[in-house]
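> sequence? don't have it. structure:
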């Protein structure tokens, strides 16, 4: 294993240098109060980069990975919403929330690969369901799934901030804590009185929810606010 030598003839094992780099990067993540999961990412990144470099993998592989990740996490840096796939355990609670509604107009803002909406529409054929997704690859998968299942769900590629939420009885999201204040502002500005805003796992800061449903034993909840 090679040595990194500075002009003062101080030698360091390359792995020791990488380990030191990883510790410093992770420490800065903690000092700057990034979310906790940034620390392990920062720690593992230099070690992983060295390991992959040793494998002599074709540059085309890295280009393919870049294209794939860009298609999944498109505009995450701007929207502050990473890709979170919705869980199938949400189906029953969501059906309960719309059980008394006639022909509910339901939108999932950040619909991912669309599985949840397709199942909802199968159980509520009287409803109108729309999924909006900004990332190209998950949207394409949801669109193809809809065609394959002959689903009535409409899947739209785009930014949900361009929607008029007044058109819907229920707005559902599974986004991120960073996005909730701006989403709530849009909800309060556009949604009609009597409509319902639902959020899986993440709350609106300083706003008490009208609905709190425990989804699993891990303490994850579905929250709801009546507008």
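Cool, got the structure. Computed from a predicted model, the values in this text were never measured in an experiment.

> secondary structure class for residue 198?
Here residue 198 takes the strand state, with states given by DSSP: H, G, I helix; E, B strand; the rest coil.

> which residues does it contact?
When contacts are counted by CB atoms under 8 Å, 6 or more residues apart in numbering, residue 198 touches 94, 97, 170, 171, 172, 173, 211, 222, 223, 224. All C-beta atoms are positioned from the backbone trio N, CA, C, and that covers glycine.

> repeat that for residue 116.
Counting by CB under 8 Å, 6+ apart, residue 116 touches 86, 88, 90, 91, 94, 108.

> please redo it, this time with the cut-off set to 10 Å
With contact set as CB atoms under 10 Å, 6 or more residues apart in numbering, residue 116 has these partners: 85-88, 90-91, 94, 108, 129, 131, 142, 153, 172, 174, 200.

> ranking the residues you listed by neighbours, who comes first?
When neighbours are counted as other CB atoms under 10 Å, the busiest of these turns out to be residue 131, with 30 neighbours.

> so where's the protein shaky on pLDDT?
Judged against pLDDT under 70, the low-scoring parts of the chain cover residues 1-12, 35, 69-87, 217-218.

> okay, now the domains of it?
Per automatic domain parsing, the structural domains of the chain span 3-56, 88-226.

> give me whichever of the ones you listed is most buried.
Most buried of the domains of the chain, by mean neighbour count (mean count of other CB atoms under 10 Å): domain 88-226, with a mean of 17.

> that one: how far from the chain's middle?
Average the C-alpha atoms of domain 88-226, do the same for its chain, and the two points are 13 Å apart (CA atoms, centre = their mean, to the nearest Å).
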